[in-house]
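Peer 1: sequence unknown, structure follows:
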């Protein structure tokens, strides 16, 4: 007769183990679970599954107290943390893929180099989480860009639902970076060209970071202003290269950048624009575009 496949510890088995350890008394948890408690459950779960090393695969851990627990470097894949209090817990270097966190309190947790692919993070308690370094997931570091894109999209939506828009924007930015990297890896020349244009112009040169980095636009605008100032000054627009002429060149560049018009200032200073008017027109076109781009991205960040 064929043996039935091994199953993870059931909820009743987990509660029986916790009751035997004095953690649950009369169905109520008297103290938060710690690392030793979880490792004991993982050991028995690994024995139940016939797996080595001990694993937390599929453990039913819902509605339990994990406050401030040290859960670093643990295999907790497919675990169910629904309704649990994990506030302040440390999940650094742990594997939480395909785990469920619906209604879980994740406030002030530490999630660094933690694998969360395919996890359900349907919770509004996300404040104060210390996320990946620069919000870059292990999946992206490993080159699994499709999984990283899906993870970032899920984290973005969870934080948007929780009203934590600054963190949501970080994950939205990483999502776009993952998409661009996938296009760059493609064998399709058109996709590679799209990735190059997006990275160089959308993310770097124009610098608005896919709409999530308004201050990069300001940086690009300042670089444009300084560059044209130096061009006007070094090409002797005012006849020499003194400090006064540098100031006039900066003024000419600023007026061009903002497209406010030169008015009587040009004739009053005896400036013969000649070729410089074409440079001024080019600076005006780019400057107006950058100002509009800055206003759009800035408004998107602060007025929602």
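Peer 2: Received it, and whenever you're ready, just let me know what you need. This is a predicted model, so every value here is computed, not measured.
Peer 1: Any chance you could list what contacts the host helix or strand of residue 148?
Peer 2: Here residue 148, judged by DSSP states H and E, is contained in helix 145-161. Residues outside helix 145-161 that contact it (CB atoms under 8 Å, 6 or more residues apart in numbering): 116-119, 121-124, 126, 137, 139-140, 165, 167-168, 171-172, 174-175, 178-179, 181-182, 185. (Glycine included, C-beta is placed from N, CA and C.)
Peer 1: Are any of those residues buried, and if so which?
Peer 2: 116-117, 119, 121, 123, 126, 137, 139-140, 165, 167-168, 171-172, 174-175, 178-179, 181 (16 or more other CB atoms under 10 Å).
Peer 1: helix, strand or coil for residue 143?
Peer 2: coil (DSSP: H, G, I helix; E, B strand; the rest coil).
Peer 1: What is the burial count for it?
Peer 2: Residues near residue 143, counting by other CB atoms under 10 Å, number 10.
Peer 1: buried set for stretch 103-120?
Peer 2: Neighbour counts over stretch 103-120 (16+ other CB under 10 Å) mark 104-111, 113-117, 119-120 as buried.
Peer 1: Now do the helix or strand containing residue 140: which elements does it pack against?
Peer 2: Secondary-structure element containing residue 140, defined by DSSP H and E: helix 138-141. Packing partners of helix 138-141 (3 or more CB pairs under 8 Å, 6 or more residues apart in numbering; DSSP states H and E): helix 145-161, helix 165-185.
Peer 1: can you tell which of those helices is closest to residue 88?
Peer 2: Taking CB to CB, helix 165-185 is the member of the helices and strands packed on helix 138-141 nearest to residue 88, at 17.6 Å.
Peer 1: what helices or strands is that closest one leaning on?
Peer 2: Secondary-structure packing of helix 165-185 (3+ CB pairs under 8 Å, 6+ apart): helix 138-141, helix 145-161, helix 189-197.
Peer 1: nearest to residue 83, of the ones you listed?
Peer 2: So among the helices and strands packed on helix 165-185, helix 145-161 is nearest, using CB to CB, at 16.3 Å.
Peer 1: how about the closest one: buried residues?
Peer 2: Under the neighbour-count rule (16+ other CB under 10 Å), helix 145-161 has 145, 147-156, 158-160 buried.
Peer 1: distance between it and the chain's centre?
Peer 2: 9 Å (CA atoms, centre = their mean, to the nearest Å).
Peer 1: Report the inter-axis angle for that helix versus helix 165-185.
Peer 2: For helix 145-161 against helix 165-185, the angle between stretch directions is 160 degrees (axes from the mean of the first three to the mean of the last three CA atoms, to 10 degrees).
Peer 1: Now do the closest residue in space to residue 108 that isn't next to it in sequence against residue 71, distance only.
Peer 2: What sits nearest to residue 108 in space, not counting adjacent residues and going by CB to CB, 6 or more residues apart in numbering, is residue 128, at 4.1 Å. According to CB to CB, to the nearest Å, residue 128 and residue 71 sit 17 Å apart.
Peer 1: So for those two, which sits in the more crowded spot?
Peer 2: Each of residue 128 and residue 71 has its neighbours counted (other CB under 10 Å); residue 71 has more, 24 against 12.
Peer 1: coming back round to it: could you look up the SS state of the residue nearest to residue 108?
Peer 2: Assigned with three-state DSSP, residue 128 falls in the coil class.
Peer 1: For it, give its distance to residue 181.
Peer 2: For residue 128 relative to residue 181 (CB to CB), the value is 29 Å.
Peer 1: Check residue 172 too.
Peer 2: 15 Å.
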